[in-house]
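>>> how would this look folded up:
(2 chains)
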2 protein chains.
Amino acid sequence: MITSPNGPQPAGFSDVRAANLAVVLRFVRENAPCSRADIAASTGLNKATVSSLVADLIDRRLLREVGQTENRVGRPATMLVLDGSPYAAIGIEVNADRITAVAVDLKGERLLDWRRAFPGGTSSESQAVAAVAGVARRAVNRMAKEGRQVLGLAVAVPGLVDADGSVRAAPSLGWRDVNLCADLTKALRDPGFPVLADNDANLAALAERRFGPYGNVGDLVFLTGEAGVGAGVIMDGRLRRGARGHSGEIGHIEIDAAGPPCHCGRRGCLEAMAGIGAILSRIAPGAPPAEFEPEIEEVARRARDGDPEVLALLEEVGRALGKGVAIIASLLDPEVVILGGYYVPLAPWLVPVAEEEVRRRAPAPGGCRLEVSTLGHGAAALGGAARVVDSVDSGRLPVPAGG
Amino acid sequence: MITSPNGPQPAGFSDVRAANLAVVLRFVRENAPCSRADIAASTGLNKATVSSLVADLIDRRLLREVGQTENRVGRPATMLVLDGSPYAAIGIEVNADRITAVAVDLKGERLLDWRRAFPGGTSSESQAVAAVAGVARRAVNRMAKEGRQVLGLAVAVPGLVDADGSVRAAPSLGWRDVNLCADLTKALRDPGFPVLADNDANLAALAERRFGPYGNVGDLVFLTGEAGVGAGVIMDGRLRRGARGHSGEIGHIEIDAAGPPCHCGRRGCLEAMAGIGAILSRIAPGAPPAEFEPEIEEVARRARDGDPEVLALLEEVGRALGKGVAIIASLLDPEVVILGGYYVPLAPWLVPVAEEEVRRRAPAPGGCRLEVSTLGHGAAALGGAARVVDSVDSGRLPVPAGG
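I've put the predicted structure just below:
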């Protein structure tokens, strides 16, 4: 019997070699430096197979040798470590108030970290796509200048993204039925690497697993704190997207039938009660601000100063957020729910109230923890890069440009 | 790159042979009759390995040869089919009004199908465990008399079951912290096969995948219609249990803050608004009936006769149920939500109203379908048997008693 936390994972029926290449790559990622013999012993693959797989991975510049160790019984072994430095994975996040871009190499080293204000809430669809394409083009050029081969670009969108990457709707950007991947591929002139789009919460959840402190947490949910609210659902160690790719759409679950009206036409949705857009519009009614950050800093400052109006608002928001988290806890039983985006600076006021609400509504004591993201505003962009790296680790292996 | 609907599934690091045995077994399950060459061609395993794996599976009486086919180019091949008839998997379901037991062989042939009324709602914990043990003992004896080796017994419990199988709470049975597996193992005098406990909705979801019409549906949710309401969550083809095994606890999600009081101490929980226990107590206030079936039949009869009181109640219940399903649809995006248990006879009145509510609240048009279980009241018991068969398909292979 195979025992793993996710249950047995038998090999698929199809490409055993690609799967085994990925097994070796992931083993070295987790155990480097290690020898070919270590890999054979731990994976159950025979030594000849391991040698052939390692040679292939070295050819692709995914692994490299780092000399010998004598720190063991028997003859010294040549050790292997992850290489991957000739490659770059790019992630871009577009939101109501900004565009963020990051790039990492296959070891996760940050190669690029850009952020610019962008009035996503008031720009037209084509302006927004052009702005994303502009940032993408500059990021790709930068990587090319550094001699790195771009393996993929994934764009995080705050909205409903179909499994094929087309954007069904992104209300905070005013988008409806945008074929972002095709538009970007065209704008980048068929760049020769995959261009993907994904939901921002999904990608942020991937980032928390790969780059945050939750690498060993199999069941977690990431809650975005942007103009809207969305959830990225990881169960048994993988993103669970649902049948159409629309899982985690918690923003329009009814929290209070008598709550304030929501832009979706109903009342008391989580987004209308606890979305950052809703918080800002209650503090300063009128058009949403072009930049959220100074406004949220002002809310935090007033809370720190004990402003009763702001404290009452944040308590109300925390309670609604707690109701939302309690629904997640009941239905998904994650180990952790991570609050991201602008929830992070407001966490000192939101989290205690939300936790109390979750405790009150939990099906059993000792339920999920409520934590705050440490990845900052780039979480979803970083998740875009993580998705590209994940695809390499899963067997979509690059061929070096010169190879 | 490996393309499968669930993404690449690389081999685990541990027991490659056990995984490959399971790959071959599942291939034959899905493609029988087939030859060793077919298996090699489709799995990527080499022919010598396939021959050795098949010999092992024949020794274990999981496969058998069925003569040769000439219906192909080249020399005739010996064909393989699933055997597994010397084995039995037993599932038992305990509920507020009955105990159900089923057994199947590894091909899914029904060997036994028992149902008896049992006042689970008013029996003590030890009476209930003794009753389950009695049914289990008779089922095991029956299988032994037929010369079958029992591979496992799984008991479906309507409540919170920890990942290790201990029952944290089952309110409709009045259970709290029952170590059912240990109690049953003792009552069966260390029977030499695993004794498991699991949540009834989880097991019913497994049964729908293996024995119902949803074998190809990767994302589905089963909603129990018993004294309480619980959900079994399948995403990407597998049960997703959450961090502690408590996923799918939808019964105490608040549907209406002003709703009727719930036995949990809060108000307006889904269970208090749409549980079968709640429906019956509103039709005939007082102690819950010992048997639900005649009462539910009476409700359905009155609805068919156009009784306005019953029709109004069922509309209200359907609306609450629809709100619950809308939460599931938003958060999990399943392809299908399946209503089971006593929701089945009430479906003609509940489903249209619930569907309307789901449509009204869906994040995007064309969301999940609401369907009615075809497995009858034995769904969770059948799911217990399915769980045992699943464990064989995943590599926990039996050794025949005489082998």
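>>> the helices in chain A, which residues?
Applying DSSP state H to chain A gives helices spanning A:16-31, A:36-43, A:47-59, A:125-145, A:180-187, A:200-210, A:270-274, A:276-283, A:293-304, A:308-332, A:343-361, A:379-393.
>>> quick one, domains of chain A?
Here the domain parsing of chain A from automatic domain parsing is A:16-82, A:87-205+A:380-393, A:214-374.
>>> Select, out of the helices of chain A, the one closest to B:G120.
helix A:308-332 (23.5 Å; CB to CB). Any C-beta I mention is one placed from the backbone N, CA and C, and that applies to glycine too.
>>> What are the buried residues along the closest one?
A:310, A:313-314, A:316-332 (16 or more other CB atoms under 10 Å in any protein chain shown).
>>> Measure how buried A:L188 is and give me the count.
Residues lying near A:L188 (other CB atoms under 10 Å in any protein chain shown) number 17.
>>> ok now do it, which residues does it touch?
By CB atoms under 8 Å, 6 or more residues apart in numbering or on different chains, the contact list for A:L188 reads A:133, A:136-137, A:140, A:153, A:195.
>>> ok, A:V399 touching A:R61?
No - counting by CB atoms under 8 Å, A:V399 stays clear of A:R61, with 9.6 Å between them.
>>> These two: which has the busier surroundings?
A:R61 (20 against 10).
>>> ok, now how distant is the residue lying closest to A:L382 once chain neighbours are set aside from B:A386?
Of all residues not flanking A:L382 in the chain, A:A207 sits nearest, at 4.2 Å (CB to CB, 6 or more residues apart in numbering or on different chains). A:A207 sits 36 Å away from B:A386 when distances are taken as CB to CB, to the nearest Å.
>>> Quick check: A:D15 touching A:R396?
No - contact criterion CB under 8 Å: A:D15 and A:R396 do not qualify, at 11.0 Å.
>>> what are the pairing partners of the helix-or-strand element of chain A with minimal mean pLDDT, and which direction each?
Every helix and strand of chain A was ranked by mean pLDDT, DSSP states H and E. The lowest is strand A:63-69, at a mean of 85. Using DSSP bridges, the strands paired with strand A:63-69 are strand A:77-82 (antiparallel).
>>> What residues of the partner strand count as buried?
So, applying 16+ other CB under 10 Å, buried residues of strand A:77-82: A:77, A:79-82.
>>> biggest separation within those residues, which pair?
A:A77 and A:L82 (17.1 Å).
>>> any weak-confidence spans in chain A?
A:1-14, A:69-75, A:400-403 (pLDDT under 70).
>>> 80 instead, please
Applying pLDDT under 80 to chain A flags residues A:1-15, A:68-76, A:287-288, A:363-366, A:399-403.
>>> What segments of the stretch 101-250 of chain A are strands?
A:110-117, A:149-157, A:160-161, A:167-170, A:175-178, A:195-199, A:220-223, A:231-235, A:238-239 (DSSP state E, counting those that start in this stretch).
>>> quick one: contacts for A:A133?
Applying CB under 8 Å, 6+ apart, we find A:A133 in contact with A:183-184, A:187-188.
>>> redo that, cut-off 10 Å
Residues in contact with A:A133 (CB atoms under 10 Å, 6 or more residues apart in numbering or on different chains) are A:92, A:155, A:180, A:183-188, A:195.
>>> of all those, which two lie farthest apart?
Considering CB to CB, no two members of the contacts of A:A133 lie farther apart than A:I92 and A:K186, which are separated by 16.0 Å.
>>> More neighbours: which of these two?
A:I92 (26 against 13).
>>> Would you confirm that that one contacts A:V155?
Yes - at 4.9 Å, A:I92 counts as touching A:V155 under the criterion of CB atoms under 10 Å.
>>> Now list whatever residues contact both of those two.
With CB under 10 Å, 6+ apart as the test, A:I92 and A:V155 both reach A:99, A:101, A:132-133, A:135-136, A:184, A:197, A:380-381, A:384.
>>> what's the neighbour count on A:I58?
Using other CB under 10 Å, A:I58 has 14 other residues around it.
>>> Nearest spatial neighbour of it, chain-adjacent residues omitted?
Excluding its sequence neighbours, the residue lying closest to A:I58 (CB to CB, 6+ apart) is A:R64, at 6.5 Å.
>>> which residues does the one you found contact?
A:28, A:57-58, A:79-85.
>>> for A:A303, same thing?
A:309-311, A:313-314, A:345-346, A:348-350.
>>> next one: A:P213
A:336, A:338, A:371, A:373-375.
>>> Okay, A:A201 and A:C181: tell me how far apart.
The gap separating A:A201 from A:C181 is 19 Å, by CB to CB.
>>> who's more crowded, those two?
Taking other CB under 10 Å, A:A201 and A:C181 do not tie; A:A201 has more neighbours (32 against 20).
>>> Settle this for me: the more buried one is touching A:G230, isn't it.
Yes - here A:A201 reaches A:G230: they are 3.9 Å apart, a contact under CB under 10 Å.
>>> Can you work out which residues contact both of those two?
A:158, A:222-224, A:247-251, A:340-341, A:380.
>>> Out of those, which two sit at the greatest distance?
A:S247 and A:G341 (18.7 Å).
>>> Show me what counts as buried in stretch A:137-144.
A:139-140, A:142-143.
>>> picking up where we left off before, just the closest of the contacts of A:A303 to B:A287, please.
Nearest member of the contacts of A:A303 to B:A287, counting by CB to CB, is A:L350, at 44.4 Å.
>>> distance of that closest one from A:I296?
Going from A:L350 to A:I296 by CB to CB gives 12 Å.
>>> okay, those two: which has more neighbours?
Between A:L350 and A:I296, A:L350 has the larger neighbour count (other CB under 10 Å), namely 27 against 22.
>>> Can you tell me the closest non-neighbouring residue to the more buried one?
A:G318 (4.1 Å).
>>> how much space between the one you found and A:I279?
In terms of CB to CB, A:G318 sits 11 Å off from A:I279.
>>> what residues do those two have in common as contacts?
Joint contacts of A:G318 and A:I279 (CB under 10 Å, 6+ apart) are A:343, A:346, A:350.
>>> re earlier: closest to B:D305 out of the helices of chain A?
helix A:308-332 (37.1 Å).
>>> what angle separates the closest one from helix A:343-361?
60 degrees (axes from the mean of the first three to the mean of the last three CA atoms, to 10 degrees).
>>> I'd like to know how many residues surround the closest residue to A:R116 other than its chain neighbours.
Excluding its sequence neighbours, the residue lying closest to A:R116 (CB to CB, 6+ apart) is A:I99, at 5.6 Å. Using other CB under 10 Å, A:I99 has 22 other residues around it.
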